[in-house]
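# take this sequence and fold it.
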Amino acid sequence: MKLKKVRIIANIIIIVMLAMFVAYLGTSSYQYVFSYENSDIIYNGNRDSNKVSIMFNVYWGTEFIDDILDVLDAYETKCTFFVGGQWVEKEPEKLIKISQRGHEIGNHGYLHRDHVHLDYNQNYEEIHINHEMVKSILGIDMELFAPPSGSFNRSTIEACNALGYHAIMWSKDTIDWRDHDSNLIFTRATKNIKSGDLILAHPTECTLKSLPLILEYYKINNLVATTVSENLH
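Below is the predicted model of the structure:
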């Protein structure tokens, strides 16, 4: 009788633990990531190369773009700019300038929505509308999608696959949109840096200020800052 009671208690504990685990998955923005192949969501490039990539997500900060491009030119560096649709509508000339300077253009959605809360059709629309807009201006087909705020679900990945996109995340985040501290941005972009790293940034004044130091650090450490696509290869 005692053994039976122990078994009942053990079963109750297991059921409670399973329920807690399921509840945890339900609150996570990345709840579906565990069922994907490694190639479905990209967090870093080629670890066997000497390449790293600074990725600029652009929905604002237009006033710093020209100076950022000048710094990149001075260091003969190419980056990937993930552009938002609403920004593209307002700044087509700036988009053209970024592309003409040899930088890669990626998709950052149209409205900067929280993709984890979008269904398949909404995810598809966010990516597709921006794709067609950029294509009408530059004549290119973007292939890389950076989910706003790093938020995605299964439908996001399915929409990416249907549109011929790779979903890009990051391995280092400067958090420059929040912390306007050039020293902190430099540290986050360089600490424990290694081949294949994808470094998330935005066009801010402090990012611009720290950018020459970041690129100089990469150069001293024999790392080549290049586009995400080049990094992946």
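
# domains for the chain, by residue range?
1-31, 38-232 (automatic domain parsing).

# packed most tightly, which of those domains would that be?
Of all the domains of the chain, domain 38-232 has the most neighbours on average by mean count of other Cβ atoms under 10 Å, namely a mean of 19. (Each C-beta comes from the backbone N, C-alpha and C, glycine too.)

# tell me where this structure has strands.
Here the chain has its strands, by DSSP state E, at 41-42, 51-58, 80-83, 104-107, 144-145, 166-168, 172-173, 198-201, 224-225.

# tell me which other helices or strands the fifth one touches.
Spelled out, it's strand 144-145. strand 80-83, strand 104-107, strand 166-168 (3 or more Cβ pairs under 8 Å, 6 or more residues apart in numbering; DSSP states H and E).

# got those strands as a markdown table, with distance to residue 223 and mean pLDDT columns?
Converted to a markdown table, those look like this (distance: least, Cβ to Cβ, whole Å; pLDDT from 0 to 100):
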| stretch | distance to residue 223 | mean pLDDT |
| --- | --- | --- |
| strand 80-83 | 16 | 98 |
| strand 104-107 | 18 | 98 |
| strand 166-168 | 19 | 94 |
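
# could I get the ones you listed as a markdown table with distance to residue 191?
Converted to a markdown table, those look like this (distance: least, Cβ to Cβ, whole Å):
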| stretch | distance to residue 191 |
| --- | --- |
| strand 80-83 | 21 |
| strand 104-107 | 25 |
| strand 166-168 | 21 |
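
# tell me which of these sits nearest to residue 54.
With Cβ to Cβ, the closest approach to residue 54 among the helices and strands packed on strand 144-145 belongs to strand 80-83: 8.0 Å.

# show the pLDDT at residue 122.
pLDDT recorded at residue 122 is 93.

# ok so, going back, if I average pLDDT within each of the domains of the chain, which one is lowest?
For the domains of the chain, where the average pLDDT is lowest is domain 1-31, sitting at a mean of 47.

# show me what contacts the most centrally placed residue in the chain?
Geometric centre of the chain, nearest residue: residue 169, 3.6 Å, by Cα atoms, centre = their mean. Neighbouring residues of residue 169 by Cβ atoms under 8 Å, 6 or more residues apart in numbering: 41, 42, 43, 146, 147, 150, 198.
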